[in-house]
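J.: Got a predicted model here, sequence first, then my questions.
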Amino acid sequence: GAVVSQHPSRVICKSGTSVKIECRSLDFQATTMFWYRQFPKQSLMLMATSNEGSKATYEQGVEKDKFLINHASLTLSTLTVTSAHPEDSSFYICSGLHGNTIYFGEGSWLTVV
Amino acid sequence: AQKITQTQPGMFVQEKEAVTLDCTYDTSDQSYGLFWYKQPSSGEMIFLIYQGSYDEQNATEGRYSLNFQKARKSANLVISASQLGDSAMYFCAMRVPWDAGNMLTFGGGTRLMVKP
């Protein structure tokens, strides 16, 4: 299958700072990438759809000014959590559409202290 | 709107036996894709198998097969000869290609535990 790489896999940041998570499609071009958030023992919650060269489409209830998404190239989308707070601590995972299938990155564990 | 239902929050299976994980879906669209993903404790989402709504044959990938019953709107995952490494969360998901955003809709997941 296609490969999506996400970095960093784990990050700890101080409250009030910003942190950037990168999502790269290594062997395919992803016009569309998706960002999900997952709370413990729950399913994945779609945060936003990232389209190359245009603004991301955010799901209802997701603060676009807090979760900045940039899809500057066909192989890279980034999620920046701005002014992070402890309640932003979560597992964030991205995915890219390749053909009929959606492939996921390894995910990023964010802890805000 | 699409909806995916996984009614089994947790399941046990004996090593080397087969297990079926249930998934039902609801959509008014005729064209859609069904997916199963495995999520081990590390968090990554591993793609297992895909079934298109127009595919006449049930999808198979190694020990994984998808029991697709379109009229009943079910897409159960069958894992044959379970292994200890199969212990993980399993998510059923659906994508409607023509829906805005092409996004996946996930079920609540089933935690599978393989007993030695």
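T.: Looks like it came in fine. Numbers count the residues shown, from 1 in each chain, chains lettered A, B, ... in the order given.
J.: Give the helix, strand or coil label for the residue nearest to A:V62 when sequence neighbours are not counted.
T.: Of all residues not flanking A:V62 in the chain, A:M47 sits nearest, at 5.0 Å (C-beta to C-beta, 6 or more residues apart in numbering or on different chains). Quick note: C-beta positions are derived from backbone N, CA and C, even for glycine. Following DSSP: H, G, I helix; E, B strand; the rest coil, A:M47 is assigned to strand.
J.: Equivalent analysis for A:E87, please.
T.: helix.
J.: Identify the residue nearest it in space, chain neighbours excluded?
T.: Residue nearest to A:E87 in three dimensions, not counting chain neighbours: A:V112, with 7.9 Å by C-beta to C-beta, 6+ apart.
J.: those strands in the chain, which residues are they?
T.: Assuming you mean chain A. In chain A, strands defined by DSSP state E lie at A:4-7, A:10-13, A:19-25, A:32-38, A:44-51, A:57-58, A:67-73, A:76-81, A:90-98, A:101-104, A:108-112, listed in chain order.
J.: I was after chain B.
T.: In chain B, strands defined by DSSP E lie at B:3-5, B:10-14, B:19-21, B:24-26, B:33-39, B:46-52, B:60-61, B:64-69, B:74-79, B:88-95, B:104-106, B:110-115, listed in chain order.
J.: Of these, which is nearest chain A?
T.: Chain A lies closest to strand B:104-106 among the strands of chain B, at 4.7 Å (C-beta to the nearest C-beta).
J.: How about chain A: which residue is closest to chain B?
T.: At 3.7 Å from chain B, A:F104 is the closest residue in chain A, using C-beta to the nearest C-beta.
J.: Tell me which residues touch that residue, please.
T.: By C-beta atoms under 8 Å, 6 or more residues apart in numbering or on different chains, the residues touching A:F104 are A:V4, A:I93, A:C94, A:S95, B:Y37, B:E44, B:M45, B:I46, B:F47.
J.: Show me what it bridges to in the sheet.
T.: Per DSSP bridges, the residues bridged to A:F104 are A:S95.
J.: Over to A:S25?
T.: Counting by DSSP bridges, A:S25 forms beta bridges with A:V4.
J.: With A:F91 instead?
T.: Beta-bridge partners for A:F91, by DSSP bridges, are A:Q38, A:W109.
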